[in-house]
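**Student:** what shape does this take:
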Amino acid sequence: MLDLYKLQIFSVVVQEGSFSGAGERLLMTQSGISQHIQDLERTLGTMLFERGRRGVTPTAAGRTLYEYSRTILKLVAEAENAVTTVQNLPEGQLVIGATPGISVYLMPEWVQSFRARYPNLTVGVQTHTTPEIVALLRTGRLDLGFVEGELDERHGETLGALLLMEVEQQVMIGAKHPWWGRGVVSLEELNGQSFIMRQRESQSRLWLDEILQAHGVKPKVMAEFDNLESIKRAVIGGSCLTILPDYVVGQEQTLRLIQTLAIKGTPLRRILKMIWLRERFFSPITHAFLNHIRQMFPHILPQESK
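**Tutor:** Residues are numbered from 1 along each chain as shown. All right, here's what the predicted structure looks like:
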């Protein structure tokens with residue numbers, strides 16, 4: 001009889017195209033992966049992979065087994081979800097990755113409301129950039145990811161995405177800025193202004209640089225930070241401006257430490273989305289969190305990757 005655990009390892013090897021890639025994703029040694037595949041091949045009396053210098057490719061028998069393994073593992077996941085009552089689980093964990101703004105300003109409330117419903121479950125939240133979240137989803141170290149903005153087109157076939165809401169990006173200034181008291185500003189007026197920016201390799205910075213360049217806006221970058229709180233403190237204490245999502249400055253606005261300016265005529269918007277690895281089947285706990293998010297966003301944007 002086929003060993004379900006070895007079948008899972010076999011499937012990951014097919015997806016990664018190498019024993020080393022599968023080992024990285026499953027947190028196993030390459031030799032351990034190889035041993036499991038050899039055991040499976042002995043059990044079936046046939047070779048499942050052709051070994052090469054650049055990795056492995058499934059044989060005809062391997063391709064057939066992979067099709068069956070996808071069906072088998074899907075049925076196992078469906079059976080687990082069909083009979084599991086998450087509310088009655090004595091324990092369980094979900095690991096989520098989120099980009100900095102979501103992790104700091106949105107995720108705490110979402111997690112607390114989820115745990116109020118499922119107090120025995122633990123939710124671990126890790127803060128990463130979008131590329132890091134995609135990489136960690138691929139290796140199975142995250143169950144779900146929450147990102148704001150764009151995904152590389154090459155990930156379209158491997159990632160599923162649920163579009164949660166549009167997030168408006170606004171100009172933010174402190175009391176020392178000469179625009180204090182204004183309500184709106186045009187994108188063209190930002191040309192030559194002193195900016196506090198995110199670090200250059202962040203997805204948010206790449207996106208903003210592209211938008212500004214397309215409109216002929218050349219900012220004077222006075223400082224770069226990889227932390228949103230540092231950006232806000234720099235804006236509060238100086239005369240530079242920044243552009244951030246509107247949800248990050250609620251408290252500072254109430255205290256009149258920061259003022260937000262809408263961008264006239266050309267509003268800047270990004271999409272907040274939940275992403276996951278399509279090849280990985282949802283556990284009951286992951287399903288429960290997904291349904292919880294759906295209830296929090298009853299007007300979820302209609303596009304959803306299957």
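
**Student:** okay, helices next: where are they in the stretch 201-306 of the chain?
**Tutor:** Counting by DSSP state H, counting those that start in this stretch, residue ranges of the helices within the stretch 201-306 of the chain are 203-214, 228-237, 250-254, 284-296.

**Student:** as CSV, those helices with distance to residue 188, mean neighbour count and mean pLDDT would be great.
**Tutor:** The C-beta positions use only the backbone N, C-alpha and C, and glycine is treated the same way. Shown next, in CSV, are those (distance: least, C-beta to C-beta, whole Å; neighbours: other C-beta atoms under 10 Å; pLDDT from 0 to 100):
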stretch, distance to residue 188, mean neighbour count, mean pLDDT
helix 203-214, 11, 16, 92
helix 228-237, 21, 18, 95
helix 250-254, 25, 12, 89
helix 284-296, 37, 16, 90
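
**Student:** turn these into JSON lines, including distance to residue 78.
**Tutor:** Formatted as JSON lines, the helices of the stretch 201-306 of the chain follow (distance: least, C-beta to C-beta, whole Å):
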{"stretch": "helix 203-214", "distance to residue 78": "34"}
{"stretch": "helix 228-237", "distance to residue 78": "40"}
{"stretch": "helix 250-254", "distance to residue 78": "41"}
{"stretch": "helix 284-296", "distance to residue 78": "11"}
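
**Student:** out of those, the one nearest residue 76 is which?
**Tutor:** Counting by C-beta to C-beta, residue 76 lies closest to helix 284-296 out of these; the figure is 12.2 Å.

**Student:** gap between that closest one and the chain center?
**Tutor:** The chain centroid and the centroid of helix 284-296 are separated by 16 Å, computed with C-alpha atoms, centre = their mean, to the nearest Å.

**Student:** returning to that earlier point: closest to residue 277 out of the helices of the stretch 201-306 of the chain?
**Tutor:** Among the helices of the stretch 201-306 of the chain, helix 284-296 sits nearest to residue 277 (C-beta to C-beta), with 11.0 Å.

**Student:** now for the longest strand seen in the chain, which elements pack on it?
**Tutor:** In the chain, with assignment by DSSP state E, the single longest strand is strand 159-173. If contacts are counted by 3 or more C-beta pairs under 8 Å, 6 or more residues apart in numbering; DSSP states H and E, strand 159-173 sits against helix 228-237, strand 241-245, strand 259-264, strand 268-277, helix 284-296.

**Student:** just the CA coordinates for it, please, in CSV.
**Tutor:** Written as CSV, here are the backbone C-alpha positions of strand 159-173 (Å, rounded to 0.1, in the frame of the first residue of the first chain):
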residue,chain,number,x,y,z
LEU,A,159,-0.4,31.6,-6.4
GLY,A,160,-4.0,32.1,-5.6
ALA,A,161,-5.2,35.5,-4.5
LEU,A,162,-8.3,37.0,-2.9
LEU,A,163,-8.6,40.8,-3.5
LEU,A,164,-9.8,42.3,-0.2
MET,A,165,-10.0,46.1,-0.7
GLU,A,166,-8.6,49.1,-2.4
VAL,A,167,-6.2,51.2,-0.2
GLU,A,168,-5.7,54.9,-1.0
GLN,A,169,-2.2,56.2,-0.7
GLN,A,170,-2.1,59.8,0.6
VAL,A,171,0.5,62.6,1.0
MET,A,172,1.4,63.0,4.6
ILE,A,173,3.0,66.0,6.2
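
**Student:** many thanks, I have nothing further to ask.
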